[in-house]
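A.B. asks: here is my input; please provide its structure:
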Amino acid sequence: MNLPANLRFLRKKMGKTQDGLSSELNIGRTTLANYEAGISEPNLETLCTFSNFFGVSLDDLLSKNLEQLTKDGAYDSEKGALMAPQEKFTGVPKVITVDEKGNDNIVYVPVKARAGYLLGYGDTGFMETLPTFRLPGLNNATYRMFEVDGPSMAPNILHGDRLIGEWIDDITKIRDNRVYIIVHKGGVAVKRVVNRLTERGKIYLKSDTVVHRHEYPTLEVDPSDIMEVWYGRLKISADFSEPAEVYHRLADLEMDVMEMKKMMTPGKDLTK
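C.D. replies: Residues are numbered from 1 along each chain as shown. Purely as a prediction, here's the structure:
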């Protein structure tokens with residue numbers, strides 16, 4: 001547990017002595033010293049007091065080495081928030097391709113190329129093997145198209161659909177309950193995302209499916225495991241299936257009403 005070291009680091013970061021902090025939080029100096037030395041552990045109420053005072057989540061306070069993360073640039077000790085590794089989310093993707101006029105192409109990543117993409121997304125040679133194209137209206141940004149695999153996002157996004165994503169250069173820009181393509185150590189995921197970086201230092205990947213919900217539980221992802229983030233902008237689908245069962249029920253009802261109207265001719269007694 002990193003609590004003792006984190007308490008010492010955060011206290012010194014705020015320029016406070018043990019006497020000063022213990023007085024401000026109404027905690028005995030000896031008790032505070034024991035917490036920082038790892039001799040004793042605070043109860044939940046005291047942990048919450050530390051969390052609120054330093055502006056740090058309980059998870060970060062207990063499980064993260066905040067001093068080391070601050071040195072690595074992965075933690076903002078002023079805001080009390082874990083930051084995404086900057087080399088992964090600044091500028092543009094590691095490899096982009098352009099047409100003869102210098103415009104960014106849209107690189108297409110089919111399902112069969114996903115495994116290779118996880119290893120070769122920064123390799124010019126590999127990226128040049130993938131198909132590229134351009135679409136009108138997709139300008140002034142960098143886009144990439146990914147083929148969807150599986151029913152986890154049905155019925156909104158189906159297996160075999162193609163989703164075009166816009167490059168996101170800062171993981172903190174992720175908006176709740178929007179569809180993103182998250183390229184992380186576990187694979188390439190097309191999911192609806194919940195951003196809890198400030199509160200828990202994590203993002204959560206949710207599936208839309210109801211029928212297959214038990215097969216696709218919500219995933220918790222650490223920002224350090226993320227290589228790329230693409231915001232879903234456009235879906236290309238070859239699916240022309242009929243609407244859901246409710247539509248068929250309404251259609252049947254409509255047919256029944258039409259038959260009833262035919263029977264209800266003027267002067268006809270329907271009770272006979």
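A.B. asks: quick check on the nearest residue to Y117 once chain neighbours are set aside: phi, psi?
C.D. replies: The spatial neighbour of Y117 that comes closest, neighbours along the chain excluded (C-beta to C-beta, 6 or more residues apart in numbering), is V109 at 5.2 Å. Bear in mind the C-beta positions are built from the backbone N, C-alpha and C, glycine included. With angles defined as degrees, to the nearest 10, V109 sits at phi -110, psi 100.
A.B. asks: my guess is V109 contacts R144, does it?
C.D. replies: Yes: contact criterion C-beta atoms under 8 Å: V109 and R144 qualify, at 6.6 Å.
A.B. asks: flag the shaky bits of this protein, pLDDT-wise.
C.D. replies: Scanning the chain with the threshold set as pLDDT under 70 gives 70-92, 242-251, 265-272.
A.B. asks: how does it divide into domains?
C.D. replies: 3-77, 106-236 (automatic domain parsing).
A.B. asks: which positions within stretch 34-45 qualify as buried?
C.D. replies: 35-36, 42 (16 or more other C-beta atoms under 10 Å).
A.B. asks: same question, stretch 152-168
C.D. replies: Neighbour-count burial for stretch 152-168, with 16+ other C-beta under 10 Å as criterion, is recorded at 152-154, 157-158, 161-168.
A.B. asks: CA-only coordinates of that stretch in CSV, if you can.
C.D. replies: Taking C-alpha atoms only, stretch 152-168 is exported to CSV below (Å, rounded to 0.1, in the frame of the first residue of the first chain):
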residue,chain,number,x,y,z
SER,A,152,-21.3,-6.1,-28.5
MET,A,153,-22.7,-2.8,-29.9
ALA,A,154,-25.8,-4.2,-31.5
PRO,A,155,-28.3,-3.0,-32.5
ASN,A,156,-26.7,0.4,-33.0
ILE,A,157,-23.5,-0.8,-34.5
LEU,A,158,-23.4,-4.3,-36.1
HIS,A,159,-20.8,-6.9,-36.8
GLY,A,160,-19.1,-6.1,-40.1
ASP,A,161,-20.0,-2.4,-39.9
ARG,A,162,-17.2,0.1,-40.5
LEU,A,163,-16.7,3.0,-38.1
ILE,A,164,-14.7,6.0,-39.0
GLY,A,165,-13.0,7.7,-36.0
GLU,A,166,-11.4,11.1,-35.6
TRP,A,167,-8.1,11.2,-33.8
ILE,A,168,-8.2,12.5,-30.2
